[in-house]
Structures are given as structure tokens and as C-alpha cells.
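Trainee: sharing a model that was predicted from the sequence below.
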Amino acid sequence: MTPTLQLFLIVSTALFSIGLLAALSRRHAIFILIGIELMLAAANLNFIAFWRFGPQPQPPTGVLVAIFSIAIAAAEAAVGLALVIAIYRHYRTTNVDQLDQLKG
Amino acid sequence: MNTPAFILIAVITLAGALAAATLRKLIHAALSLVIAFVGVAASFFMLGAEFVGLVQVFVYVGAVAVLIVFTILLTRREVTGEPGINWGGAIVALAVFSGLLWAILKTSSLAIPAPQIEPLTVKQVGEALMTNYVWPLQCVGLVLTAALIGALLLVMEEKR
């Protein structure tokens, strides 16, 4: 018996839910970014799984979407972590519950 | 694709992700995140997308994880353990998981074995990127440049 598409989808669903858990339930800004990265990885896993189990198009669209998504995720991580550092410099905290004013 | 390897990779990935989401210490969570990313890359290898697996290792394990560790080191000051887990978030995540799981198990057309395919070479990916996808590629380059300049501007010391 070989793994079916269903099993890969279940794994990526679990990965997405764990990322959602991290993004919703933690108060530290870096944990929220970690959760977002996990959710993006789960989406990439879905793209690759559907590409592998579907009809093979030429060019391989699923693979290309995953590559672009990884590039965008890298840009998102860089900007997000820079924002965390800037906020920390200003407020001396990274707890998102304490960041409750718009005034600079 | 064989089942024991799949189960091993899935367990390692999900354990790493769960540790990254729930560990109290931030640096431990960042290192568990590396395990989860390596697991995802291993699944890509198993699915026959070797190039994406390599990119995943280079970008996530090589760059994003190091970036997260550096940010943790630069912002480490408060050592107050954060209060216990927020149960609202856990309930929402569990609800999303059960909803998606129900949908996946209900759809019988998803229970298919993998078809035989000829392996995808890096040459094919490169040709597609340089012909059909050349404009998206340029746009991604522009986005990355803008993001890096923006990140630098954000962390520059404010002039007083």
C-alpha cells in the first residue's frame, strides 16, 4: 500500500491547524510569525501533492506556484521580523497584547 | 513512495510543528521549527519535487530560521514566562482541523494512489521559469528587492 493523496492532505491540514494554533493563541510576535510560516508550508505541501497526484501538465504549474510562494514567504519573513525589531526598539516589548496604541 | 517512510516523515514534521507552536521558550520553538521545515522538505522529495525540496531547505532552514534566531537574540530582554495557552485559539484551530478533515475524508475521489510519472528535472523547471513564467519571475525579484530595502529601512536607527 502506498500513501494516497488523502494522507498527504491530512498531514497538511494538521500542519495548517498547528500553525493557526500558534498564530492565534500565542502573545509573542515571533510566535505569530512562526505560525504563519507553518501555514505557508502546509499550503506549499498541498500544491506539491496535488501536482504529483493530478494530470501532469507541461509546464509543471504546481511546482512553479510552490517556488513563487516560497520566495514571497521569504520576503514576508524578512519584513515581519524587521517590524518585530522596530516595535521592540520603540516599546521595549514584543507582547502583542501590549501594543495597543497608534500614537508613535 | 513507501508507507513507513511517509509515516516517519509525517510524525517528525507534525511533532516539530507542535513543539514550535507550544514550547514556552522561544529559542526552543525556533529550533523545532527547523525540524518541521526539514520534514516538509522531505515530503517534497518523496513527492518527486526535488528542486522545491532543495529550495525549501535553502530558504527556510538556511535563511528564515537564522533570521528568526537573530531576531530572538536581538529582542531578548523580558524573561517573564507568558501566561498559559489561550484556549480560544486552540478551539478555533481544532474546529478548522476537524472541518477540513471531515471534508477530506468525505471526498472519495481523493483516495487515489500516485500515478507513475517521469521525474521532473531541474532543466524543465528552469525552462518554464525562463519562458512562460519570466514576468512573474521578474516581479518576484522586484518584490524581494523592495522587501529587503524596506526591512533595512525599518530596522535602521532613528535619528533623534
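Mentor: Thanks, I have the structure now. Computed from a predicted model, the values in this text were never measured in an experiment. Residues are numbered from 1 along each chain as shown, chains lettered A, B, ... in the order given.
Trainee: which phi and psi values does residue B:132 adopt?
Mentor: phi -70, psi -30 (degrees, to the nearest 10).
Trainee: now it. Nearest residue, chain neighbours left out?
Mentor: residue A:59 (5.7 Å; CB to CB, 6 or more residues apart in numbering or on different chains). For the C-beta atoms, the positions are set from N, CA and C on the backbone; glycine is no exception.
Trainee: just give me the residue closest to the centre of chain B.
Mentor: Computing the C-alpha centroid of chain B and ranking residues by CA atoms, centre = their mean puts residue B:37 first, at 5.4 Å.
Trainee: how close does that one sit to residue A:73?
Mentor: 11 Å (CB to CB, to the nearest Å).
Trainee: joint contacts of the two?
Mentor: Listed as contacting both residue B:37 and residue A:73 by CB atoms under 8 Å, 6 or more residues apart in numbering or on different chains are residue B:64.
Trainee: for residue A:78, what are its contacts?
Mentor: Counting by CB under 8 Å, 6+ apart, residue A:78 has contacts B:67, B:147-148, B:151.
Trainee: and if we set it to 10 Å?
Mentor: Residues counted as contacts of residue A:78 (CB atoms under 10 Å, 6 or more residues apart in numbering or on different chains) are B:63-64, B:67, B:144, B:147-148, B:150-152, B:154.
Trainee: reformat these as CSV; add secondary structure and pLDDT.
Mentor: CSV is the format used below for the contacts of residue A:78 (DSSP: H, G, I helix; E, B strand; the rest coil; pLDDT from 0 to 100):
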residue, secondary structure, pLDDT
B:63, helix, 90
B:64, helix, 90
B:67, helix, 91
B:144, helix, 94
B:147, helix, 94
B:148, helix, 92
B:150, helix, 92
B:151, helix, 91
B:152, helix, 91
B:154, helix, 87
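Trainee: make a PyMOL selection of the buried ones in these.
Mentor: Buried members of those, defined by 16 or more other CB atoms under 10 Å in any protein chain shown, are picked up in PyMOL with:
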select buried, chain B and resi 64+67+147+151+154
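Trainee: pick out whichever of the contacts of residue A:78 sits closest to residue A:14.
Mentor: Distance to residue A:14, by CB to CB, is smallest for residue B:64 among the contacts of residue A:78, at 20.9 Å.
Trainee: that closest one reaches residue A:71, doesn't it?
Mentor: No - at 11.6 Å, residue B:64 and residue A:71 do not qualify as touching, with contact defined as CB atoms under 10 Å.
Trainee: contacts (any at all) between chain A and the host helix or strand of residue B:137?
Mentor: Assigned by DSSP states H and E, residue B:137 belongs to helix B:134-155. Yes - residues of helix B:134-155 are located near chain A by CB under 10 Å from any CB of the partner chain, namely B:136-137, B:139-141, B:143-148, B:150-155.
Trainee: elements contacting that helix?
Mentor: helix A:61-91, helix B:65-74, helix B:122-130 (3 or more CB pairs under 10 Å, 6 or more residues apart in numbering or on different chains; DSSP states H and E).
Trainee: go through those helices and pick out the most buried.
Mentor: Counting by mean count of other CB atoms under 10 Å in any protein chain shown, helix A:61-91 has the highest mean neighbour count of the helices and strands packed on helix B:134-155, with a mean of 19.
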